[in-house]
Each structure stands twice: as structure tokens, then as C-alpha cells.
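Colleague: Model the structure of this input:
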Amino acid sequence: TNGFNDTNVALVTDAISDHRGSISLRTWHHSQSGVMVAAGNLSACEPPCLFHTSSIFMDDLLPVIKAKFPNMTRSVLKIDIEGHEHKAFNTSNNLFSKHTIPFILMEWVGMKEILAGRLGTKQDMMEVQYMVHGLKNKGYDHYMTNRRSLISPQFRLPDSMWEHWPNEVLWIHKNYQPQM
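Modeller: Residues are numbered from 1 along each chain as shown. Next comes the predicted model:
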């Protein structure tokens with residue numbers, strides 16, 4: 001087993017976005033888990049590939065954490081929202097200022113596509129850059145993950161060429177850097 005159960009995980013069924021309200025999501029026939037925010041021309045997408053749900057801010061996770069885990073002082077954040085990560089981080093300042101998150105494991109595939117100009121808009125590209133700089137300003141550094149789960153200086157990612165980073169990025173807060 002992975003050690004996770006209903007006593008140490010909170011399931012949030014809302015989409016995390018940069019606005020609260022209704023949001024359209026789309027699924028892909030080739031992937032059971034590939035769900036992303038629907039955008040652009042959706043004429044080829046008919047139910048069941050398109051469905052609607054509500055969206056919340058990342059900051060809205062703070063009361064969920066406090067209600068389910070009243071004595072918890074820190075959390076690990078795993079974020080994989082199919083190229084919408086930068087939108088979610090636009091609404092995260094309160095969460096990060098009031099709760100300790102030493103580690104963020106982030107899928108980077110969508111960010112690479114945005115930075116390479118293959119997905120999204122120029123606004124999305126600016127928001128990805130803003131997200132990276134914001135995490136750096138909050139004290140996070142970026143590492144590639146590896147099979148042994150070891151963190152060392154050789155796994156630190158460069159401060160540039162973000163579109164060439166690996167598909168998953170581990171952000172570690174400076175207060176939790178491993179002793180090297």
C-alpha cells in the first residue's frame with residue numbers, strides 16, 4: 001500500500017483555478033486520467049468528453065486543511081492539473097503565507113508546452129514565468145526527481161530553459177533543503 005488513507009488525505013472534488021465558479025473540463029478518449037480545463041474550439045468535443053464542475057482558488061484549500069487536520073502545521077503539495085498549474089498558483093498567496101508547504105511535486109508537461117509556444121497564449125506564458133519567479137521568491141528551489149528519491153546538487157535544475165525541464169519538477173523550500 002502507499003500509506004495514504006482517508007485519515008491523512010483530503011479529497012477536493014472542485015477544480016483549482018484562477019476563478020471561482022463554473023468551469024468546463026474535457027476528457028480524452030486515449031487517457032482515463034487526462035482531464036483538463038476546456039478551452040478553444042470545442043466543436044469536436046461532445047459528451048461524455050465534456051463536463052462541468054465548480055472551481056475554487058488554491059487559497060480555498062486552507063480551510064479544508066484546517067477543518068480536516070486541525071493540528072497539521074505543514075503539507076506536501078502534489079499538483080498535476082494538465083497545464084493549468086500556473087492558473088492555480090495565481091490564487092495561492094494566502095495558502096503559502098499561512099501554511100508551511102516544504103515540498104511541491106508538480107507535473108511540468110503542460111508548462112513545457114506553454115513555454116515552447118505549443119499550448120496556451122502569450123498571457124499563459126507570462127503567467128508560467130510569474131509562477132516560477134513567485135516560487136523562487138517564496139524560497140523554493142527546483143529539482144528533477146529520480147527513481148531513488150535522492151536530492152543532491154546534481155539534480156538541481158537550471159534557472160533558465162524551463163521548457164527543457166523534465167516532466168516532473170520537485171520544488172523544495174529553502175528551510176527544508178537536504179544536507180549536502
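Colleague: per-residue pLDDT, the residue nearest the centre of the chain?
Modeller: Closest residue to the average C-alpha location of the chain: Ile79 at 3.2 Å, with CA atoms, centre = their mean. Ile79 is assigned 87 on the pLDDT scale.
Colleague: Surely Asn71 forms part of a strand?
Modeller: No. Assessed with DSSP: H, G, I helix; E, B strand; the rest coil, Asn71 is coil; it does not lie in a strand.
Colleague: hang on, the earlier thing: and for the closest residue to the residue nearest to the centre of the chain other than its chain neighbours, the neighbour number?
Modeller: Once flanking residues are discounted, Ile79 sits nearest to Met106: 5.0 Å by CB to CB, 6 or more residues apart in numbering. Using the backbone N, CA and C atoms, a C-beta is placed for each residue, glycine as well. By other CB atoms under 10 Å, the residues close to Met106 number 22.
Colleague: contacting residues for Met106?
Modeller: Contact partners of Met106, counting by CB atoms under 8 Å, 6 or more residues apart in numbering, are 79-80, 85, 168-171.
Colleague: Tell me the helix or strand right after the helix or strand of the chain with the lowest mean pLDDT.
Modeller: One helix or strand of the chain scores below all others by mean pLDDT, DSSP states H and E: strand 31-37, with a mean of 56. Remark: after strand 31-37, the chain's next helix or strand is strand 50-56, criterion DSSP states H and E.
Colleague: So for that following strand, mean pLDDT?
Modeller: The model assigns strand 50-56 a mean pLDDT of 77.
Colleague: list the helices and strands it packs on?
Modeller: Contacts defined by 3 or more CB pairs under 8 Å, 6 or more residues apart in numbering; DSSP states H and E place strand 50-56 against strand 15-16, strand 21-28.
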